[in-house]
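1. Everything below, folded, please.
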Amino acid sequence: MVSATFSWLKGHGTENDFVLLPDHDGTTHGPLAPDLVRALSDRRRGIGGDGVLRVIRTEALRAFDGRIPDIDAEWFMDYRNADGSLSEMCGNGVRVFALHLVESGLADPAEPLFVGTRGGTRTVTFGDDQISVDMGVAELQGHTKVCVGDRGWEAYRVSLGNPHAVTFVDELADAGPLLEAPVYDPEDFPGGVNVEFVRRLLPGHIAMRVYERGSGETRSCGTGACAAAVATAADQGVPRPVRLRVDVPGGRLHVRWHEDGRVDLAGPAAIVARGETSADLLRQ
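-> So this is what the prediction gives:
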């Protein structure tokens, strides 16, 4: 039975913001309709966010979604982009997701937390003011090209469970206003791609902007920061392990690329608001 009125929370990680839907046993929403996700994400008529995170137990979600991967984690981050489309993974979102579970007494910050995603299980650990996520193995998949207007750049293809194209620019402003998605090769990215524009600052220090598929330019992207760090190390021939500071418009993230290919992402997270609404109110 789908509830008419439901609870929500608003959170962000380095200003990459999300609407959280606590639906722990899968009894509030059932299959998430794309139009509900779009309405919740709308910054004028809804709550506003770069995407929607449903907080649900894995077995509860599997009961009505047969596409869930075979994972052993109790909790699953059912993530949707602002346009209602599915996404495999969100590095900033999983920190906000984990913080909600801790604040709700559903996870112990003294212990690692395992979170299921469509990109696989992610391990989250808690520090004093940072939350760290084992993002899995980064895959360098060769090169591609991206274009904005009449400018084009060679880019690294990197997978963090979701696809990225990472290119290097002299100035972040070179990417322009990013009001529309960069042009990319659909043969390389049939499901769309997140595009990162990266400026090298100092050894071990980069800055980036990102255009996220399904959301547009965002203030931060956790998987994008990891992809940018991996591409930077690969481009400069820096041997692993590698540590990089990644400045994004919404703050600062820290990435470590281990010798075995795994990537750790560390950064802050915050829950900033909560309330109740209904699909009927969002349609007004």
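
2. what about G136, how many residues close to it?
-> For G136, the count of nearby residues is 21 (other Cβ atoms under 10 Å). Any C-beta I mention is one placed from the backbone N, CA and C, and that applies to glycine too.

3. Next: the one 4 residues further on.
-> Counted with other Cβ under 10 Å, the neighbours of L140 add up to 16.

4. got it, and P34?
-> 14.

5. Also P182?
-> Counted with other Cβ under 10 Å, P182 comes out at 23.

6. cool, T14 as well?
-> Using other Cβ under 10 Å, T14 has 26 neighbouring residues.

7. I figured it was touching V248, is that so?
-> Yes: under the criterion of Cβ atoms under 8 Å, T14 makes contact with V248 at 5.6 Å.

8. can you list residues touching both of the two?
-> Counting by Cβ atoms under 8 Å, 6 or more residues apart in numbering, the contacts common to T14 and V248 are R219, S220.

9. Show me which residues of stretch 256-272 are buried.
-> For stretch 256-272, the neighbour count (16 or more other Cβ atoms under 10 Å) marks R256, W257, R262, V263, D264, L265, A266, G267, P268, A269, I271 as buried.

10. In helices, which of those residues fall?
-> Members of the buried residues of stretch 256-272 lying in helices (criterion: DSSP state H): none.

11. quick one: contacts of the helix or strand hosting L40?
-> Element membership of L40 [criterion: DSSP states H and E] is helix 34-41. Under the criterion Cβ under 8 Å, 6+ apart, residues 8, 19, 21, 29, 45-52, 80-85, 279, 282-283 lie in contact with helix 34-41.

12. what's the domain layout of this structure?
-> 5-130+269-283, 137-265 (automatic domain parsing).

13. circling back: can you flag the buried ones in the contacts of helix 34-41?
-> For the contacts of helix 34-41, buried by 16+ other Cβ under 10 Å: 8, 19, 21, 29, 46-47, 49-52, 80-82, 84-85, 279, 282.

14. In helices, which of those appear?
-> Among the buried ones among the contacts of helix 34-41, the members falling in helices (DSSP H) are A279, L282.

15. residues in contact with G49?
-> By Cβ under 8 Å, 6+ apart, the residues touching G49 are K10, D17, F18, V19, L40, S41, R43, A82.

16. mind showing which ranges of this structure have poor pLDDT?
-> Within the chain, the stretches with pLDDT under 70 are 1-3.
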